[in-house]
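> Let me see the structure of the following:
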Amino acid sequence: MRILIVEDEPKTGSYLLKGLQESGYGADLARNGADGLHMALERDYELIVLDVMLPVMDGWTVLRKLRERKETPVLFLTARDEVPDRVRGLELGADDYLVKPFAFAELLARIKTLLRRGPVREAEMLRLADLEIDVLRHRVTRAGQRIDLTPKEFALLHLLARRQGEVLSRSLIASQVWDMNFDSDTNVVDVAIRRLRAKIDDPYTAKLVHTVRGMGYLMEERC
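Next up is the predicted model:
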């Protein structure tokens, strides 16, 4: 088991590194976000312990870019304890969130819990009702009919489908699909949803993409 620690505060980083090694884990330490992202992408880790306030690249950005390529479990360890910060971290794809100061015993317990879940593997085929998404070939069909999507439309559909049943905010969709911060004056997400619906929903009786007023969008089959 090898764990990556991304922490810029010297004492905290050294403390975590020593503690995890003494607990029987292999551990590496990155002192800034850019180095942490590089190591996370280039090597295979079972878990990443990630701070938010990092030099060069903050933890939010590290996680967002990591999720574009990998599903390595991430535990945020940060002094940012406001509820919006926790929600943002979880929306971006964090698996757990622990606030500093912390007890090492609790951190270790959370790490063990995350590691017991096992590795997350991206599904090669996603299905919802009569919709099929071949993730590897970027091929989409509904009721046996091929549907041609642009790369961004496919990325949007893939996000909604792999998290079906979850309400996804516009800010989350914008960050995951367009790698941008959501501006309330920008309707790029709404326009993209309309275009996607025109292809995968409008020609069919059963609708799969739904609006949750004031919150965002979700994908699910409704009776």
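> Tell me where the chain is predicted with low confidence.
118-123, 179-186 (pLDDT under 70).
> Around the nearest residue to G33 once chain neighbours are set aside, count how many other residues there are.
Take G33 and drop its neighbours on the chain: the residue closest to it by Cβ to Cβ, 6 or more residues apart in numbering is M57, 3.1 Å away. The way it works is simple: take the backbone N, C-alpha and C, and place the C-beta from them, glycine included. For M57, the neighbour count with other Cβ atoms under 10 Å is 17.
> Distance of the most centrally placed residue in the chain relative to L136?
Closest to where the C-alpha atoms of the chain average out (Cα atoms, centre = their mean) is G93, at 2.8 Å. In this view, G93 and L136 are 21 Å apart by Cβ to Cβ, to the nearest Å.
> quick revisit: and the residue lying closest to the residue nearest to the centre of the chain once chain neighbours are set aside, its phi and psi?
The shortest distance from G93 to any non-neighbouring residue, by Cβ to Cβ, 6+ apart, is to R67 (4.4 Å). Dihedral pair for R67: phi -70, psi -10, per degrees, to the nearest 10.
> was I right about R67 contacting V177?
No: using Cβ atoms under 8 Å, R67 is not in contact with V177, being 11.6 Å away.
> quick one on the thing from earlier: contacts only, for the residue nearest to G93.
Each residue near R67 by Cβ atoms under 8 Å, 6 or more residues apart in numbering is listed here: L92, G93, Q176.
> doesn't V62 make contact with the second one?
So that's G93. No: assessed by Cβ under 8 Å, G93 is found out of contact with V62, at 11.0 Å.
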